[in-house]
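Asker: Everything below, folded, please.
(one chain, ligands or ions: 2)
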Amino acid sequence: MNSDVILPPQVAWASGVFANGPLIRKTTHIADLPGVFIDDDAWRGCEPQQRVYDVEMLDSPSDEGSLYVGVTHLYAGKIGDEFFMTRGHFHQRREQGEVYFGLRGCGLLLLQTPSGEARLERVKAGSVHIIPSFSAHRLINTGEDTLSALAVWPSVAGHDYAALAGGFSLRVFASEHHPQGWEVGNG
Ligand code: PAN
Ligand code: ZN
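Answerer: Ligands and ions are numbered 1, 2, ... in the order given. Below you'll find the model as predicted:
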């Protein structure tokens, strides 16, 4: 038997930072998110190169049956009355699901069916989110610290952003009138 043991990639659960893995990184700035936030004037007034989120993922095979693993670091911030959030997407292959694991910070996972029914799940360290097939998904950082979540999804799933160009049917707004600091509004 071969006694060489492979040292796999590692993730620090408290921060979501990867070590010892072949990584791909993608940064999304405010300028990359036109039309995502409802207050267009507020969006135009922001520093375009400010980071909204970073995704670090392990460079792994893309064939049918393979899985991607990545961490989204969604920074704290607001544009108008809306918190920083990911663009959000359906999977190109709608039947492909995904799992998110909350690592740090606090926020929400917005899920939406093709017919526009939306629901929210609380994201925090240790939360497990099973994103069913045919579900659009978006992370929202309602806290004051970075929200980090680990995701595992089929490599063949792909991302369809265009289907949500008109936005999700539900929006989350910062609100001082609610102890949790936010309230739900229409999309
Ligand atoms: C995640 C997302 C990541 C960034 O890895 O891609 O949170 O969000 P957007 O892709 O909507 O910009 C995932 O859901 N992958 O399928
Ligand atoms: Zn996804």
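Asker: from here on, contacts and neighbour counts on C-alpha atoms
Answerer: OK.
Asker: Who are the contact partners of the residue in the chain positioned nearest to ligand 1?
Answerer: Nearest residue of the chain to ligand 1, counting by Cα to the nearest ligand atom: G88, 3.3 Å away. If a contact means Cα atoms under 8 Å, 6 or more residues apart in numbering, then G88 has 136-139, 161, 164 as its contacts.
Asker: which residue sits closest to L23, ignoring its sequence neighbours?
Answerer: Leaving aside its sequence neighbours, L23 sits nearest to L58 (Cα to Cα, 6 or more residues apart in numbering; 4.7 Å).
Asker: what's near enough to touch that neighbour?
Answerer: Per Cα under 8 Å, 6+ apart, neighbours of L58: 21-24, 68-70.
Asker: per-residue confidence at it?
Answerer: Looking at L58, its pLDDT reads 97.
Asker: Around ligand 1, which positions in the chain sit nearby?
Answerer: 70, 72, 86-89, 138, 151, 153 (Cα under 6 Å from any ligand atom).
Asker: go with 8 Å
Answerer: 28, 53-55, 57, 69-72, 86-89, 91, 98, 100, 137-139, 149-153, 157-159, 161 (Cα under 8 Å from any ligand atom).
Asker: send the alpha carbons of stretch 84-100 over as CSV?
Answerer: Output in CSV follows, covering the C-alpha atoms of stretch 84-100 (Å, rounded to 0.1, in the frame of the first residue of the first chain):
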residue,chain,number,x,y,z
PHE,A,84,-24.9,44.6,0.5
MET,A,85,-26.0,41.4,-1.2
THR,A,86,-24.9,39.0,-3.9
ARG,A,87,-26.3,39.4,-7.5
GLY,A,88,-28.2,36.2,-7.1
HIS,A,89,-29.0,33.6,-9.7
PHE,A,90,-30.9,30.5,-10.8
HIS,A,91,-28.7,27.7,-11.9
GLN,A,92,-28.4,27.4,-15.7
ARG,A,93,-29.4,23.7,-15.1
ARG,A,94,-32.4,24.4,-13.0
GLU,A,95,-32.6,20.9,-11.6
GLN,A,96,-29.3,21.3,-9.8
GLY,A,97,-29.4,22.1,-6.1
GLU,A,98,-26.7,23.4,-3.8
VAL,A,99,-25.8,23.5,-0.1
TYR,A,100,-24.7,26.6,1.8
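Asker: and that stretch, average pLDDT?
Answerer: Mean per-residue pLDDT for stretch 84-100: 98.
Asker: in it, what's buried?
Answerer: Buried residues in stretch 84-100, counted by 16 or more other Cα atoms under 10 Å: 84-92, 94, 96-100.
Asker: show me the contacts for the residue positioned nearest the centre of the chain.
Answerer: Nearest residue to the geometric centre of the chain (Cα atoms, centre = their mean): L139, 4.1 Å. Contacts for L139 (Cα under 8 Å, 6+ apart) come out as 74, 85-86, 88, 107-110.
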